[in-house]
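J.: turn this into a model:
(one chain, ligands or ions: 1)
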Amino acid sequence: MKEIELLQEMIDASSHIVFFSGAGVSTASGIKDFRSKDGLYQEKFKYPPEYMLSAACFDEHPEDFFQFYKSKLNCLEARPNVTHMYLKKLEDAGKLSAVVTQNIDGLHGKAEVSCVYELHGTIYENYCEKCHQFYPAEIVFECEGIPKCHCGGTIKPNVVLYGEMLPEDAYNGAVLNISKADLLIVAGTSLLVEPASSLVRCFQGKHLVIVNLDETPYDSQADLVIHANLEDVFRQLKV
Ligand code: CNA
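T.: Residues are numbered from 1 along each chain as shown. Next up, the predicted model:
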C-alpha cells in the first residue's frame, strides 16, 4: 500500500514522534471500542452508554454503574497487540517521545512503553472515596455488587467519567509532548470525545497522520490519512 510506504518515510525522517491512541488500538487485543460497528454503543443498556459511564450515574445509580463497568470494561486478561509492540520498539530506538492515550486498559504499559499519558485514567488504579486506600483492579471486578472499602467507603476506579475533568498531569504532559513533536500519529480514535480530541490542535510539527477504520472530523487537516486496520498497517512498518 502506497500510504504505508509514505508513513514509513515519515517515521524514518522523524525523531520526536508522538502516538495518540484510542480504543481502536485495542480491538485487536479483544477489547471492544465504543463507536465502530461492533462497538459497545451498538448494545442496549438500561440507560444510554454516556450516562452509564458518567459521574452522575456513579453517584445516583452506583449498582447500575458497577454492573456496566464490571461486565463491559473488564480487560484484565487482554494482552498487547502488534501496534502496542511496534511502539515499544520505536521507543527503544529513541524515536518515540510519548504515547498519549484515551484508553483505560493499561496495554501500552503492559507493552513496557515507559512514557505514557493516560488522559482517561486506568482501570488498574482504584481508591476508596472516603479514606483513599488503594485497591487493585481484581478487587473491583471480582466483588459482588458495589466494591466497598473496609472503612465502608465506595471504591472508585480511577477512570475519567463523563462530567469529570481530565487529570491535570496527563493533560499537561500530552500538550507539551504533542506541541514539540515532529510527527503525530493519531490512531484508533473517532476523535469525537472532547477535550481529548482537541489536543490534535496543539500539534505544530511536520506531519499529522491519522490511521483509523472510519473517517474522523480531523481527516481534512491531516497530511496522510489511512483508513485501514491498525494491525495490517503496523505489521508492515519497520523501526
Ligand atoms: P471510539 O469512539 O469507540 O472510536 C474508536 C475508533 O477506532 C473508531 O473510529 C473505529 O473506526 C476505530 N477502530 C476500531 N478498531 C480499529 C482497528 N482495528 N484498526 C483501525 N481503526 C479501528 O473510541 P475513542 O477512543 O475515540 O473514544 C474515546 C473513549 C473510548 C475514551 O473515553 C475511552 O476511555 C473509551 N474506551 C476505551 C477502551 C479501552 O481502554 N480499550 C475501550 C472502549 C472505550
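J.: and this structure, which residues reach the ligand?
T.: Within the chain, the positions lying close to the ligand (C-beta under 6 Å from any ligand atom) are 22-24, 26-28, 31, 33-36, 39, 102-105, 120, 188-190, 192-193, 212-214, 229-230. The C-beta positions use only the backbone N, C-alpha and C, and glycine is treated the same way.
J.: of these, keep whichever come out buried.
T.: 22-24, 26-28, 31, 33-36, 39, 102-105, 120, 188-190, 193, 212-213, 229-230 (16 or more other C-beta atoms under 10 Å).
J.: in this structure, which spans are helices?
T.: 2-12, 49-52, 55-60, 62-72, 82-92, 107-110, 137-142, 168-180, 230-234 (DSSP state H).
J.: hang on, residue 96 packs against residue 84?
T.: No: Residue 96 is not in contact with residue 84 according to C-beta atoms under 8 Å; the separation is 11.9 Å.
J.: common neighbours of the two, please.
T.: Taking C-beta atoms under 8 Å, 6 or more residues apart in numbering as the contact rule, the neighbours common to residue 96 and residue 84 are residue 113.
J.: strands paired with the top strand by length along the chain, and their directions?
T.: If each strand of the chain is counted by residues according to DSSP state E, the longest one is strand 121-128. Paired neighbours of strand 121-128 in the sheet (DSSP bridges): strand 134-135 (antiparallel), strand 155-159 (antiparallel).
J.: spatially central, which residue of this protein would that be?
T.: Closest residue to the average C-alpha location of the chain: residue 103 at 1.9 Å, with C-alpha atoms, centre = their mean.
J.: I'd say it and residue 118 touch.
T.: Yes: checked against C-beta under 8 Å, the pair residue 103 and residue 118 is within contact range at 7.5 Å.
J.: what bits of the protein have low per-residue confidence?
T.: Low-confidence segments of the chain (pLDDT under 70): none present.
J.: before we move on, the earlier item: against residue 129, how distant is the residue nearest to the centre of the chain?
T.: For residue 103, the distance to residue 129 (C-beta to C-beta, to the nearest Å) stands at 24 Å.
J.: skipping adjacent residues, who's closest to residue 33 in space?
T.: Distances taken as C-beta to C-beta, 6 or more residues apart in numbering put residue 23 closest to residue 33, at 3.5 Å, once the chain neighbours are dropped.
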